[in-house]
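A.B. asks: just coords:
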């Protein structure tokens, strides 16, 4: 498309005030409906003084949690139905955070009579009322800002509040206040995993306030859900690898104390059936089921060393060629409890194979 064509297209699909805002700020995010077909998420920008745009398809129908091929759809259903607490979905742009939250809201909409309010920038999925009343407000159209909408939201007697993205201290404070006052608050946050998400939350606040925020967050957080989209090897497309940190009593204690360094080990020792597991656990399960390749697993795990050890100790698949050398050596840090445990299992397994003449 020529430069003039891009400007003309944006002028046609955008509201006049949005188009004028783009001319002023050179930035524009919006959702466009193609009637009876689909929705598009549109980002318009300038590069070297030339306009560009990115179009992303959004399904007209909100997918069910069971259809997203998530690791723990039943746990997500339970989370979406809790009465109160703060639930934050973490991940980089384009990793399915909005889709997961939309499916959770839709599950609540189908199964309970509630008043649900969403504040988004822009609105991505359109929720039709089922058992619940769903009010969707778009920043820049229905409200001037996140802060203005959230400030007045409790006066609208909601049961559930969705915040499109936590970007600053004010939005974070509102999210915690909603949970503290007996509401379910769902939100997204840009980070890579649970620990980095907690660090980002703490860093919203001045250092002198963090000792007050830590116990409040420990009391009101229900769970953190982190996700990444990985390339599939079994067919075209991508699949979600997920990390889940349910706020168990022990994790709550660590958050209250600000002891983020102990959380990874607590999650490694957690029970996946109870909603506590790491990215590496999820990626291992995807590899075991033949959905992703060995190389992609290595590229996306948090600890390549631990992943290789886990494969030797626990995998039911034939080891990939890269790991079939008998001389492969793994480095294990003395303070890495998981590595030590996996190495122990690896030694036991290798001894068993030797006794059976298979090694």
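C.D. replies: Received the coordinates, thanks. Just so you know, these numbers come straight off a predicted model, no measurement behind them. Residues are numbered from 1 along each chain as shown.

A.B. asks: Can you spell out the domain ranges of the chain, please?
C.D. replies: 3-58, 65-286 (automatic domain parsing).

A.B. asks: can those go into a markdown table with extra columns for distance to residue 302, mean neighbour count and mean pLDDT?
C.D. replies: Yep, even glycine has a C-beta here, placed from its N, CA and C like the rest. Below are the domains of the chain laid out as a markdown table (distance: least, CB to CB, whole Å; neighbours: other CB atoms under 10 Å; pLDDT from 0 to 100):
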| stretch | distance to residue 302 | mean neighbour count | mean pLDDT |
| --- | --- | --- | --- |
| domain 3-58 | 27 | 14 | 88 |
| domain 65-286 | 5 | 18 | 96 |
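
A.B. asks: Go through those and name the closest to residue 315.
C.D. replies: Closest approach to residue 315 among those (CB to CB): domain 65-286, 7.9 Å.

A.B. asks: Distance of residue 295 relative to residue 90?
C.D. replies: In this structure, residue 295 and residue 90 are 25 Å apart, going by CB to CB, to the nearest Å.

A.B. asks: swap that for residue 269, sorry
C.D. replies: The value you get for residue 269 to residue 90, if CB to CB is used, is 21 Å.

A.B. asks: What ranges does the protein have for its strands?
C.D. replies: Using DSSP state E, the strands of the chain run over residues 27-34, 38-47, 50-58, 85-90, 115-120, 133-138, 160-163, 184-189, 221-231, 238-246, 276-277.

A.B. asks: so which of those gets nearest residue 147?
C.D. replies: It is, among the strands of the chain and with distance given as CB to CB, strand 115-120, at 9.8 Å.

A.B. asks: Adjacent strands (with direction) for that closest one?
C.D. replies: Using DSSP bridges, the strands paired with strand 115-120 in its sheet are strand 133-138 (parallel), strand 160-163 (parallel).

A.B. asks: mind putting those strands in JSON lines, distance to residue 311 included?
C.D. replies: As requested, the strands paired with strand 115-120 are exported to JSON lines (distance: least, CB to CB, whole Å):
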{"stretch": "strand 133-138", "distance to residue 311": "45"}
{"stretch": "strand 160-163", "distance to residue 311": "39"}
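
A.B. asks: Minimum distance to residue 82: which of the ones you listed has it?
C.D. replies: When those are compared by CB to CB, strand 160-163 sits nearest residue 82, at 9.7 Å.

A.B. asks: Give me the contacts around the closest one.
C.D. replies: With CB atoms under 8 Å, 6 or more residues apart in numbering as the test, strand 160-163 has contacts from 101, 105, 108, 114-120, 146, 150, 153, 171, 174-175, 178, 183-188.

A.B. asks: How far off centre is it?
C.D. replies: Strand 160-163 sits 15 Å away from the centroid of its parent chain (CA atoms, centre = their mean, to the nearest Å).

A.B. asks: before we move on, the earlier item: make TSV out of the domains of the chain and add distance to residue 316.
C.D. replies: TSV is the format used below for the domains of the chain (distance: least, CB to CB, whole Å):
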stretch	distance to residue 316
domain 3-58	37
domain 65-286	11
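
A.B. asks: closest to residue 313 out of the ones you listed?
C.D. replies: Shortest distance between residue 313 and the domains of the chain, using CB to CB, is found for domain 65-286: 10.6 Å.

A.B. asks: Quick one: end-to-end distance for that closest one.
C.D. replies: Its first and final residues considered, domain 65-286 spans 18 Å by CA to CA, to the nearest Å.

A.B. asks: same deal with stretch 68-78?
C.D. replies: Using CA to CA, the end-to-end distance of stretch 68-78 comes to 16 Å.

A.B. asks: Name the residues that touch that stretch?
C.D. replies: Stretch 68-78 has contacts (CB under 8 Å, 6+ apart) with 65-66, 96, 99-100, 103-104, 107, 225, 239-242, 244, 272, 275, 277, 282, 285.

A.B. asks: what's the answer for stretch 53-62, then?
C.D. replies: Contacts of stretch 53-62 (CB under 8 Å, 6+ apart): 6, 9-10, 31, 36-45, 94, 102-103, 106, 124-125, 127.
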